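Enquirer: got a sequence here, can you build the structure:
(one chain, ligands or ions: 2)
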Amino acid sequence: MNIDQTNLPKHIAIILDGNGRWAKKRFLPRTMGHRKGAFNIRDIAGICNSLGIEYLTMFCFSTENWKRPKEEVKYLMETPIRYYKKYKEKIWNSTMKIKFIGRRDRISSTLKAVMEEIEEKTKDHTGLVLTLCVDYGSYDELTTAMKEIATLVKENKIEIEDITPALIEDHLFTKDYPKLDLLIRTSGEIRISNYLLWQLGYAELYFTDCYWPDFNEKELEKALLSYQSRKRRYGGINENQ
Ligand code: IPE
Ligand code: MG
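Expert: Residues are numbered from 1 along each chain as shown. Ligands and ions are numbered 1, 2, ... in the order given. Here you go, the predicted model:
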């Protein structure tokens, strides 16, 4: 990859989109797009891991995706289970630390158990932290955080003045994660879709028409080159301006 190794984003998030359209274009059922998309999560995570990216956070299933046809929801929900059954050893032997964020009260107990097992088995891994967002939505995450903080105030554990951005971050799923540097969305949609709304505060945004199953090393390189061409000022000015 023709990129500057000294200026890599520490934390990348991806809204993986376009699985359905990828399949439709090939006269395949949508589920085949999700199948290819799942393998691509593995491939792109592997590339990020070798590049030395520290955190990769992927939007796999949103709090709104339950509205999809029952069969599609079932396929998506069973994907991690199927994948884990087949590739357990690969996950255990990789250096990646895998985490899941999102609601855990609406998913099946089988999926929940698989998630917990993957997290447990990879918790001491020191490579890329790969976070898979399942039944995740920012409105839900922020509402939960606000409820927790309100409870602390009500129980006189903190004062209203103690509510700072840092305290709010401590109540998000991404507590202890570094700031998000780069958000990538595939498939040509230019929106955020209730993803990491707080965390996106100063992230660089990259949108590509490429469908997720086609998003390969070359496409990742393009996203990273775009990131490296940005001047991040965080509301300040550059010294040479
Ligand atoms: C993204 O692909 C995968 C998930 C949200 C699970 P889509 O399924 O949204 O694909 P399109 O947008 O219909 O092409
Ligand atoms: Mg979509």
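Enquirer: okay, CA-based contacts and neighbour counts for the rest of this
Expert: OK.
Enquirer: and the strands in the protein?
Expert: 11-15, 55-62, 97-101, 129-136, 182-185, 204-207 (DSSP state E).
Enquirer: and those as CSV, adding mean neighbour count?
Expert: Listed next are the strands of the chain as CSV, based on neighbours: other Cα atoms under 10 Å:
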stretch, mean neighbour count
strand 11-15, 22
strand 55-62, 23
strand 97-101, 21
strand 129-136, 23
strand 182-185, 23
strand 204-207, 18
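Enquirer: so for ligand 1, which of those strands sits nearest?
Expert: With Cα to the nearest ligand atom, the closest approach to ligand 1 among the strands of the chain belongs to strand 55-62: 5.0 Å.
Enquirer: is that closest one anywhere near ligand 1?
Expert: Yes - Strand 55-62 reaches ligand 1 (Cα under 6 Å from any ligand atom) through 60-61.
Enquirer: strand partners (parallel or antiparallel) of that strand?
Expert: Strand 55-62 has the following strand partners under DSSP bridges: strand 11-15 (parallel), strand 129-136 (parallel).
Enquirer: residue 105: which of those is closest?
Expert: Closest to residue 105 of the strands paired with strand 55-62, according to Cα to Cα: strand 129-136, at 9.3 Å.
Enquirer: and the angle from that closest one to strand 97-101?
Expert: 20 degrees (axes from the mean of the first three to the mean of the last three Cα atoms, to 10 degrees).
Enquirer: can I get strand 129-136 as CSV, trimmed to CA atoms?
Expert: Extracted in CSV, the C-alpha atoms of strand 129-136 (Å, rounded to 0.1, in the frame of the first residue of the first chain):
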residue,chain,number,x,y,z
VAL,A,129,-9.4,-4.3,18.4
LEU,A,130,-12.3,-5.3,16.0
THR,A,131,-15.6,-4.1,17.3
LEU,A,132,-18.8,-5.5,15.6
CYS,A,133,-21.8,-3.4,16.3
VAL,A,134,-24.9,-5.6,16.5
ASP,A,135,-28.3,-4.1,17.4
TYR,A,136,-26.5,-0.9,17.7
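Enquirer: residues making contact with it?
Expert: 45, 54-65, 96-104, 106-107, 195 (Cα atoms under 8 Å, 6 or more residues apart in numbering).
Enquirer: and residue 95, what does it touch?
Expert: Contacts for residue 95 (Cα under 8 Å, 6+ apart) come out as 122, 125-128.
Enquirer: I meant to write residue 114 there.
Expert: Residue 114 neighbours (Cα under 8 Å, 6+ apart): 80-81, 84.
Enquirer: one more time with 7 Å, if that's ok
Expert: residue 81 (Cα atoms under 7 Å, 6 or more residues apart in numbering).
Enquirer: how close does it get to residue 101?
Expert: Look at residue 114 and residue 101: by Cα to Cα, to the nearest Å, they are 13 Å apart.
Enquirer: for this protein, what lies in contact range of ligand 1?
Expert: By Cα under 6 Å from any ligand atom, the residues of the chain that approach ligand 1 are 16-21, 60-61.
Enquirer: out of the residues you listed, which is nearest to residue 217?
Expert: Distances from residue 217 to those, taken by Cα to Cα, are shortest for residue 16, at 14.7 Å.
Enquirer: my guess is that closest one contacts residue 59, does it?
Expert: Yes - between residue 16 and residue 59 there is a contact under Cα atoms under 7 Å: 6.3 Å.
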